[in-house]
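1. Here's my sequence, what's the structure:
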Amino acid sequence: MSKQKEWAEEIFNYSKDLRLPIVRQCFQELIKEANQKDASYEEFLAALLQKEWDSRQDSAQYNRIRRAEFPYKKHLEDLSVYDLPEDAQKKYKRLKTLEFIKEGRNLILAGNPGTGKTHMAIGLGMKACVEGYKVWFTTVPLLINQIKECRSERTLRAFQKRFEKYDLVIADEMGYISFDKEGAELLFTHLSLRAGQKSTIITTNLSFERWEEIFQDPVMTAAMIDRLTHQAYLVNMNGNSYRMKQTKEWLEKQQLV
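-> Numbers count the residues shown, from 1 in each chain. Predicted coordinates for the structure are as follows:
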């Protein structure tokens, strides 16, 4: 066996033991490229390590998006900003910076159905995953059910610890379904764990004046609104239905076929 083959075998084995799969796959190809370009050792090593680093970043990003449990993938770039309600258009650029996550501030997207609340929330969540934040998506009814199940199974403390650690929690559909006093108290307790420290996005079809309809307790409602809106970004999402516009455009295209 030639000396070159011996070195190649050693590199292969070392990279396998050190769990460097991309180094193992690419080192021979990069050696050839380095020889052709007469690259320095430093340039070759940097290129090799960058490939490994890039692969790990891609893998980490993929796993963050997978663990976020989005119902579907929507990017901010897929949004037609000019079709968003006026207030959302004004605040879109600032929200896109994700400063609210760095500041640990909440974001409330409130308005009538079909105006892009969930799309914007998921788009911001996807961007947060890409930028390295830990994100979790849920609906408010599912969140309450999960908390109740964890309490009955005595795993509530473990759930609370996970819930507190997410950089961003997206709680969709506040107001579509009312819940009992127990559910309201559990939701209040868990959202309070994050208040002032980590960000939560709430999407709701109800104005704050109507939140008592779902909490069925004026004191609890006032406390929840106060806790969630303190130093929060509030976006008025009332406007023409974005989904209805897309449906009309689709129907018009069908008629032309």
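
2. With adjacent residues omitted, what lies nearest to the most centrally placed residue in the chain?
-> Most central residue of the chain, judged by C-alpha distance to the mean C-alpha position with CA atoms, centre = their mean, is residue 125 at 2.5 Å. Counting by CB to CB, 6 or more residues apart in numbering, residue 125 lies nearest to residue 135, which is 4.7 Å off, once chain neighbours are set aside. Heads up, the C-betas are built off the backbone N, CA and C, glycines and all.

3. The one you found bridge partners, please.
-> The residues paired with residue 135 through beta bridges, assigned by DSSP bridges, are residue 168.

4. Name the SS class of residue 114, please.
-> Using DSSP: H, G, I helix; E, B strand; the rest coil as the criterion, the local structure at residue 114 reads coil.

5. Could you measure from residue 130 over to residue 73?
-> Relative to residue 73, residue 130 is positioned 12 Å away (CB to CB, to the nearest Å).

6. shared neighbours of those two, anything?
-> A shared contact of residue 130 and residue 73, defined by CB atoms under 8 Å, 6 or more residues apart in numbering, is any residue touching both; here these are residue 65.

7. returning to what we had before: helix or strand: which one has the residue nearest to the centre of the chain?
-> For residue 125, the host element (DSSP states H and E) is helix 117-130.

8. gap between that helix and the chain center?
-> Taking the mean C-alpha point of helix 117-130 and that of its whole chain, the gap between them comes to 5 Å (CA atoms, centre = their mean, to the nearest Å).

9. Mind giving me the packing neighbours of that helix?
-> Packing contacts for helix 117-130, counted by 3 or more CB pairs under 8 Å, 6 or more residues apart in numbering; DSSP states H and E, involve helix 41-68, helix 86-96, strand 107-110, strand 135-139, strand 168-174, strand 199-204.
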